[in-house]
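**Student:** 3D model of this:
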Amino acid sequence: MLFSASNVHPSMHTSYIMSQSRSPLPSPKVSSARKVSTISSPACTPFGNNPQLELLLLSMLRGYECPCEEKVRLCAEISELNDFQKLDLIKFLREIAAVPAVEDNACKMLVCSPSQFCQAFDDGCCVQKLIQLWDRLYKEIIPTMEDILFPLADCLESFCIRSLLLQLFRDRVLRKCLEPIDYRIRELEPILFTLLMETDGTEGFEEFSTLAHKVMGAAEKVEMEPCFPTFSCTGPRRQMRKASSAEMVKMRSKTLPENKRKSVQWTDLRKSKTVSNF
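**Tutor:** Residues are numbered from 1 along each chain as shown. Predicted coordinates:
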């Protein structure tokens, strides 16, 4: 017997719909070969209570200008941190913020990736770009960070943001750029000399010192021997010849003071009338 919608009682139709609504939905089939990906939570930053401070420090490491009022506010905020929070902030600067900031500044200036720093001198303007990058780091970024982070020295005296940034620029940027260079670059000598002076005794200094002296043209020491002028028999043409050891001693003896002491004696036979009246 066939049933139509007109033959079904309304109560039976309602009960059927309610029974279908109460039935559980079929669970989706998951393939055993496909693994369900789990979303991991982002790593917490060391200074989790105030991530805005970390973002501001990272932006200033990348060269963003900071007004004086903002510097004073950030310095006061860092001063109020306890020792554990200060250590966490130092760890953030050393391990997370400083390295990518220095490399990112160099990549923007040289228009290449860190793996291509060794090919930077293929560009004819590389020397000028390195000078601009150095001036921005040495005259703007480092003084700004020193003004803000000096309260961290109370917690850890060995931490110095100036030394950290100079070492990173030396090893991560300049050293990679100068590795294939075997000729002298006079324009970079002030930068190299400053790095040699301020990073002396740090890790990696000896390797950089050898490279810097090669670029500064001081890889080989030239010993100068004293020479004396002589005149040829054919004319007044001046020639140079090496001095013998006897002549050197003789020449040196002329400049030595004599053993005799010089004394000056004088007598004044004049008599002062003014003195005699007393």
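**Student:** you'd agree V99 is up against R172?
**Tutor:** Yes. If you go by Cβ atoms under 8 Å, V99 and R172 touch, sitting 6.9 Å apart. For the C-beta atoms, the positions are set from N, CA and C on the backbone; glycine is no exception.
**Student:** where in the stretch 1-150 of the chain is pLDDT low?
**Tutor:** Applying pLDDT under 70 to the stretch 1-150 of the chain flags the ranges 1-49.
**Student:** one more pass at 50, please.
**Tutor:** 1-8, 10-47 (pLDDT under 50).
**Student:** and the helices in it?
**Tutor:** All helices of the stretch 1-150 of the chain, identified by DSSP state H, counting those that start in this stretch, fall at 10-22, 51-61, 68-79, 83-92, 98-110, 126-136, 142-149.
**Student:** then the fifth one to PDB, C-alphas only?
**Tutor:** Meaning helix 98-110. C-alpha atoms of helix 98-110 as PDB (Å, rounded to 0.1, in the frame of the first residue of the first chain):
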ATOM      1  CA  ALA A  98      70.200  42.200  18.100                       C
ATOM      2  CA  VAL A  99      71.400  39.700  15.500                       C
ATOM      3  CA  PRO A 100      68.500  40.000  13.000                       C
ATOM      4  CA  ALA A 101      68.300  43.700  13.500                       C
ATOM      5  CA  VAL A 102      72.000  44.200  12.500                       C
ATOM      6  CA  GLU A 103      71.700  41.900   9.500                       C
ATOM      7  CA  ASP A 104      68.400  43.400   8.400                       C
ATOM      8  CA  ASN A 105      69.900  46.900   8.400                       C
ATOM      9  CA  ALA A 106      72.700  45.600   6.200                       C
ATOM     10  CA  CYS A 107      70.400  43.800   3.800                       C
ATOM     11  CA  LYS A 108      68.400  46.900   3.300                       C
ATOM     12  CA  MET A 109      71.500  49.100   2.600                       C
ATOM     13  CA  LEU A 110      73.400  46.600   0.400                       C
END
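**Student:** and that helix, what's buried?
**Tutor:** By neighbour count on 16 or more other Cβ atoms under 10 Å, the buried set for helix 98-110 is A98, A101, V102, E103, N105, A106, C107, M109, L110.
**Student:** list the helices and strands that helix packs on?
**Tutor:** With contacts taken as 3 or more Cβ pairs under 8 Å, 6 or more residues apart in numbering; DSSP states H and E, helix 98-110 sits against helix 51-61, helix 126-136, helix 161-168.
**Student:** the same query, at a cut-off of 6 Å, please.
**Tutor:** Applying 3 or more Cβ pairs under 6 Å, 6 or more residues apart in numbering; DSSP states H and E, one finds that helix 98-110 contacts helix 126-136, helix 161-168.
**Student:** now the angle between helix 161-168 and that helix, please.
**Tutor:** Between helix 98-110 and helix 161-168, the angle comes out at 60 degrees (axes from the mean of the first three to the mean of the last three Cα atoms, to 10 degrees).
**Student:** same check on the second one?
**Tutor:** For the pair helix 51-61 and helix 161-168, the angle between their directions (the same axes, to 10 degrees) equals 60 degrees.
**Student:** show me which residues of helix 51-61 are buried.
**Tutor:** Using 16+ other Cβ under 10 Å as the test for burial, helix 51-61 gives L53, E54, L56, L57, L58, M60, L61.
**Student:** the shortest one now?
**Tutor:** Using 16+ other Cβ under 10 Å as the burial criterion, the residues of helix 142-149 that qualify are I142, T144, M145, I148, L149.
**Student:** before we move on, the earlier item: for the buried residues of helix 51-61, could you give me CSV that also reports distance to F159?
**Tutor:** Listed next are these as CSV, based on distance: Cβ to Cβ, whole Å:
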residue, distance to F159
L53, 17
E54, 16
L56, 19
L57, 14
L58, 17
M60, 17
L61, 15
